[in-house]
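>>> how would this look folded up:
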Amino acid sequence: MPKIVIALGGNALQSKDSKPTAEGQLEVVRQTCERLAEISAQGYEMSIVHGNGPQVGRILLASEAAKDLTPAMPFDVCGAMSQGYIGYHIQQALKYALSIRNKHCPVVTVATQMVVDRDDRAFENPTKPIGPFYTEEESKKLEKENGYTMKEDAGRGWRRVVASPIPRKIVEIEAIKNLWKSTIVVSCGGGGIPVVENPDGTLEGVAAVIDKDHAAELLAEQVEADILMILTEVEKAAVNWGSPNQKNLDTMSLKEAAQYVEEGQFAPGSMLPKVEACMKFVRQNPQKKAIITSLDNALEALEGKTGTVITFA
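Numbers count the residues shown, from 1 in each chain. Below is the predicted model:
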């Protein structure tokens, strides 16, 4: 059976039409898991990676707001908390969606640590958006009052940005591999809990949010997946995005993708990491493919009917 690692974008966990509450998220996740169950029912062995930008941002905001009542939680702990409750929602919803298709398969979340380089240049240049959207005026106030770094996010508003170092090693990879055959594993949530290795072998959490697309790519490599699928809000990646001459892309070779990246066709913190992750996967695995598409079109994309497919040549 084909092995697939699926990276879920924020729209798979939260809808712009739903309230940013646990109940609102669970309702969206239920719809998402219907799509995932359809893929599983077609015979794919899959593992799921999810983002956590809005969720970890809200957890951090709540923690900081309550600092006079209880000590604020460090950033890595907030990331671990987001893994737990997002994973819980996916476990609950996917298990039910599978059961009504008469597929009885365990769904398990692994709290996953991801080793990063403490000297990664990302710590000097924060780019990863987290938390809610703000107006430009609100963002300037937050920068002044809280010392946040705020950046405009792909025309959708202003958000806080934090360091997003490259993932180097999945600490729990052997457990994930051992579970693979019998279990659908939700792992590397939010890109994984960022940690660095000390000289004595101990691990230490750091303040960052790892990009979930790069984490999914590393996972796909290490479990020897046949397909890396990154699900986002759009059906296909595009060049000249939002302009009259926008061109949706059915396929991209590594060479074409590299050219588009050099031209700045893909927004940092949005489509760029998705394309870069796909490029890395097919570069390391020339006979395999990576797909970028929307959640609603996931199954059709696996059938070759839509989506953007990134191939070696």
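>>> can you give me the helices for the stretch 101-250 of the chain?
Assigned helices in the stretch 101-250 of the chain, in chain order: 136-146, 173-180, 212-222 (criterion: DSSP state H, counting those that start in this stretch).
>>> separation between Glu172 and Ser182?
Between Glu172 and Ser182 the distance is 16 Å, computed by CB to CB, to the nearest Å. Just so you know, the C-beta spots here come from the backbone N, C-alpha and C atoms, and that holds for glycine as well.
>>> the more surrounded of these two?
Neighbour count, other CB atoms under 10 Å: between Glu172 and Ser182, Glu172 has more, with 17 against 10.
>>> check contacts around that one.
Counting by CB atoms under 8 Å, 6 or more residues apart in numbering, Glu172 touches Val110, Ala111, Thr112, Gln113, Ser187.
>>> Count the neighbours of the fourth one for me.
Okay, so that is Gln113. Counted with other CB under 10 Å, the neighbours of Gln113 add up to 20.
>>> Tell me the bridge partners for it.
As for beta bridges, Gln113 partners with Ile193 under DSSP bridges.
>>> Surely it touches Val195?
Yes. The criterion here is CB atoms under 8 Å, and Gln113 meets it with Val195 at 4.9 Å.
>>> Which neighbours do those two have in common?
Val171, Leu203.
>>> between the helices of the stretch 101-250 of the chain, which gets the lowest average pLDDT?
Of all those, mean pLDDT reaches its minimum on helix 136-146 (a mean of 85).
>>> Mind giving me the packing neighbours of it?
On a contact count with 3 or more CB pairs under 8 Å, 6 or more residues apart in numbering; DSSP states H and E, helix 136-146 meets strand 150-152, strand 158-162.
>>> which of those sits most buried?
Across the helices and strands packed on helix 136-146, the average number of neighbours (mean count of other CB atoms under 10 Å) peaks for strand 158-162, which reaches a mean of 23.
>>> now for that strand, which elements pack on it?
strand 128-134, helix 136-146, strand 150-152.
>>> what lines up beside that strand in the sheet?
Strand 158-162 has these strand partners (DSSP bridges): strand 128-134 (antiparallel), strand 150-152 (antiparallel).
>>> Skip the chain neighbours and tell me the closest residue to Gly79.
Excluding the flanking residues, the one nearest Gly79 by CB to CB, 6 or more residues apart in numbering is Ile193, at 5.0 Å.
>>> Ala93 now?
Excluding the flanking residues, the one nearest Ala93 by CB to CB, 6+ apart is Cys33, at 4.0 Å.
>>> I figured Phe281 hits Ala220, correct?
Yes. At 5.7 Å, Phe281 and Ala220 qualify as touching, with contact defined as CB under 8 Å.
>>> joint contacts of the two?
Shared contacts of Phe281 and Ala220 (CB under 8 Å, 6+ apart): Leu228.
>>> Who has more neighbours out of these two?
Neighbour comparison, Phe281 and Ala220: the larger count goes to Ala220, with 29 against 25 (by other CB under 10 Å).
>>> Could you tell me which residues make contact with that one?
The contact partners of Ala220, by CB under 8 Å, 6+ apart, come to Val5, Ile227, Leu228, Phe281.
>>> hmm, try it at 7 Å
Val5, Leu228, Phe281 (CB atoms under 7 Å, 6 or more residues apart in numbering).
>>> now Phe133
Per CB under 7 Å, 6+ apart, neighbours of Phe133: Asp153, Arg156, Gly157, Trp158, Arg159.
>>> coming back round to it: of the helices and strands packed on strand 158-162, which approaches Ala207 most closely?
Nearest to Ala207 among the helices and strands packed on strand 158-162 is strand 128-134 (11.1 Å), distances taken as CB to CB.
>>> And Glu303, how far from Gln14?
From Glu303 to Gln14 the distance is 27 Å (CB to CB).
>>> between the two, which one's more packed in?
Ranked by neighbour count (other CB under 10 Å), Glu303 and Gln14 place Gln14 first, with 22 against 11.
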